[in-house]
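1. model this:
(one chain, ligands or ions: 3)
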Amino acid sequence: DVAPILPGAASEVWRYTASLLKGPDDTLTRLGDGYLGPLIRLRRGQRVRIHIDNQLPEATTVHWHGLHVPPDVDGQPRFPIQSGAQKTVSFVVDDRAGLYWYHPHPHGKDGGRVGFQSYAGLAGPLVIEDDNERGLDLPQGDQERILVLQDRSFAGDNELTYLSGGMGSMMTRMHGFRGEHLLVNGKPATMQEVSAAAHRLRIMNGSNARIYKLAWSDGRPVTVIGTDGGLLEAPEDFPYITLAPAQRVDIWISFEKAAQGTRIQLLNRPHDAGGMMGGGMMMGGMMGGSDTASDQATPLLTLEVNGRGEDGVSTRPERLSNELADLPRPDKTTAPRLFRLGMKMMQGFTINGRQFEGATVADGEAVSLGESEVWEFFNDTMMPHPMHVHGLQFRVLSRHYADARSAGQLAAGIVDSGLHDTVLVLPGERVRIALTFTDFPGLYPYHCHNMEHEDNGMMRYYEVR
Ligand code: C2O
Ligand code: CU
Ligand code: CU
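-> Numbers count the residues shown, from 1 in each chain. Ligands and ions are numbered 1, 2, ... in the order given. Here you go, the predicted structure:
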């Protein structure tokens, strides 16, 4: 009954398009017919070579989010590809099987363009496969779905609207952009048919700033089998999943016992931990599309059971991966390296009192190649910050909540097991992570992945020496 809302004029949408020069046929796949970049499928251990041709009217970069690659091919702000220019990058795929992604990372004199360029359409998923995963008999083919969650606002002929002017723009800089419409793979609340068998839903939050609270409409727990950096040791059940910008979650669900025609929805439940602590309604309304816009859960996707599945992939897996047990464990007595997330009045957010200063590192931002460390993010602001570290996958060691209110709304859905490249730090919270710096010396960014926070300076480099 509601007219479909699709991104309109080509002038308003920027796209990644790609063609395969050499390699397996499934390296590139279109994800539906929306604006998203193609799904890139790679194998662990392979060397890839990618030619990037910037036909945009401004400088960009292509960042391989979550991948352990050398700094010069990481698509960092230090290496912009100017409008009309080309660059070839080549690297060995070293990461575990998992869902990663790619997006722009330019940052000029006037700030970052990550939020705008990603919003305009530049983002795509990247899947890595490996032998461990192949040996597991997880749902595949039509029983494996990739779902990219984003939010957009439209005006006129379905043109995308981003920062308005004046007050709206100021609020967006503060809270990050949240669109009124929730899209899955570039489409509003779609329906997909599933067979009466087990399925694997690989979900990525490609939104600029929105934090999702994902649940099943029939109240069943959400079974998680993987995170940013691949499979968990074993499946874990959650009442709902808290998915912050840039994070991924790998979900297992079985429709084996469901009658034909049964419909199950993936819901986004409301919460107001999106940065409006106290008295948020007025400000939320002004922004148009805050997380609190409705008390109702919003369906993101309807799955309708139709047909029988193939045999053999319906049982819930018991063990997934043994690799995590072998990772280096930092000494519990090691003093953590502290990163205080703060705020500068009318200027945006800071890390240890500083904002982005280009390719420089301050005291406390240099680490040693080959070493393991504990970092602590202390969120001394009233907004959540999904903190992302380039170049590696880390583990989450502990959380200490100070603000029961935001924790109470989102904490039960935070998946801390497994490997991550982005960790949500709630207001008042202290989160400790364990990182190991291997293979590549040099500079890597670390930043808040609320793209408007990042673009407005909540980003720094660290150096591996
Ligand atoms: Cu998803 Cu610095 O990036
Ligand atoms: Cu990244
Ligand atoms: Cu932030």
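2. residue 169: helix or strand, and which one exactly?
-> helix 166-175 (DSSP states H and E).
3. now do the buried residues in that helix.
-> 171, 172, 173, 174, 175 (16 or more other CB atoms under 10 Å). Using the backbone N, CA and C atoms, a C-beta is placed for each residue, glycine as well.
4. how about a markdown table for the residues you listed, with distance to residue 32 and pLDDT added?
-> Formatted as a markdown table, the buried residues of helix 166-175 follow (distance: CB to CB, whole Å; pLDDT from 0 to 100):
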| residue | distance to residue 32 | pLDDT |
| --- | --- | --- |
| 171 | 32 | 76 |
| 172 | 28 | 76 |
| 173 | 32 | 77 |
| 174 | 33 | 85 |
| 175 | 29 | 88 |
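5. now do the phi/psi pair for the closest residue to residue 59 other than its chain neighbours.
-> With sequence-adjacent residues excluded and distances taken as CB to CB, 6 or more residues apart in numbering, residue 59 is closest to residue 80, at 4.1 Å. Dihedral angles of residue 80 (phi, psi; degrees, to the nearest 10) stand at phi -70, psi 150.
6. in PDB, list the C-alpha atoms belonging to the helix holding residue 169.
-> C-alpha atoms of helix 166-175 as PDB (Å, rounded to 0.1, in the frame of the first residue of the first chain):
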ATOM      1  CA  GLY A 166      21.600  25.000   9.700                       C
ATOM      2  CA  MET A 167      20.200  23.400  12.800                       C
ATOM      3  CA  GLY A 168      19.600  20.000  11.200                       C
ATOM      4  CA  SER A 169      23.100  19.900   9.900                       C
ATOM      5  CA  MET A 170      24.500  20.800  13.300                       C
ATOM      6  CA  MET A 171      22.500  18.000  15.000                       C
ATOM      7  CA  THR A 172      23.600  15.500  12.400                       C
ATOM      8  CA  ARG A 173      27.200  16.400  13.100                       C
ATOM      9  CA  MET A 174      26.500  15.700  16.700                       C
ATOM     10  CA  HIS A 175      24.600  12.500  16.500                       C
END
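7. which residues sit against the next helix or strand after that helix?
-> With elements assigned by DSSP H and E, the helix or strand that comes after helix 166-175 is strand 181-184. By CB atoms under 8 Å, 6 or more residues apart in numbering, the residues outside strand 181-184 that reach it are 5, 34, 147-154, 188-190, 268, 298, 300-301.
8. buried members of these into PyMOL, please.
-> Of the contacts of strand 181-184, the buried ones go into a single PyMOL selection, burial set by 16+ other CB under 10 Å:
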select buried, resi 34+147+148+149+150+151+152+153+154+189+190+268+298+300+301
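9. for the record, mean pLDDT for stretch 270-284?
-> Mean pLDDT, computed over stretch 270-284, is 52.
10. repeat for stretch 96-109
-> pLDDT averaged over stretch 96-109 gives 97.
11. please identify the buried residues of that stretch?
-> Neighbour-count burial for stretch 96-109 [16+ other CB under 10 Å]: 96, 97, 98, 99, 100, 101, 102, 103, 104, 105, 106, 107.
12. try stretch 252-267
-> 252, 253, 254, 255, 258, 264, 265, 266, 267.
13. and these, which is closest to ligand 1?
-> For those, the minimum distance to ligand 1 (CB to the nearest ligand atom) is 23.1 Å, reached by residue 266.
14. now do the SS call for the closest one.
-> Look at residue 266: counting by DSSP: H, G, I helix; E, B strand; the rest coil, its state is strand.
15. tell me the bridge partners for it.
-> Beta-bridge pairing of residue 266 under DSSP bridges involves residue 216, residue 301.
16. ok, now which ones touch it?
-> Taking CB under 8 Å, 6+ apart, one finds 147, 201, 214, 215, 216, 217, 299, 300, 301, 302, 303 in contact with residue 266.
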